[in-house]
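Colleague: just the structure for this:
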Amino acid sequence: MLVKLGPLDTGRIADLRPYFDSVPDPRAHQGRWYSLTAVLLVCACAVVSGAKGIDELAEWGQRASNALLAVIGICRHLLMAAHSVTGHDRPCAGGC
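Modeller: Next up is the predicted model:
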């Protein structure tokens, strides 16, 4: 699908993180595995990839490779490894 858009100019691609960082997180601090920004980034990537429902959003996040998640700044949390197809997840700063 991206081929139809033509070559991507990295100077014109917006980083969604600053916008997602400004969204208030209504969740309680206890039990949070991921930042709201990480959750919203995964959802945005899944939708762009064609996900049409909550199950498909979750499946995209589970199937995403560690390398792909690292590009958007997310690492799998170590305690989620048993539930993950590809490894461990946690929000990360700079590297996984």
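Colleague: report all helices and strands that the lengthiest helix in the chain contacts.
Modeller: Ranked by number of residues, the top helix in the chain under DSSP state H is helix 36-48. Where contact means 3 or more CB pairs under 8 Å, 6 or more residues apart in numbering; DSSP states H and E, helix 36-48 is packed against helix 17-21, helix 54-63, strand 74-76. C-beta here means a position set from N, CA and C on the backbone, and glycine is covered the same way.
Colleague: buried residues, it. List them.
Modeller: For helix 36-48, the buried set under the neighbour-count rule, 16 or more other CB atoms under 10 Å, comprises L36, T37, A38, V39, L40, L41, V42, C43, A44, C45, A46.
Colleague: go on, stretch 48-63?
Modeller: Going by neighbour count (16+ other CB under 10 Å), the buried part of stretch 48-63 is A51, L57, W60, G61.
Colleague: and which of these is nearest Y19?
Modeller: L57 (18.3 Å; CB to CB).
Colleague: leaving out the residues flanking it, which one is nearest to the closest one?
Modeller: Using CB to CB, 6 or more residues apart in numbering and skipping the chain neighbours, the partner closest in space to L57 is A46 (4.6 Å).
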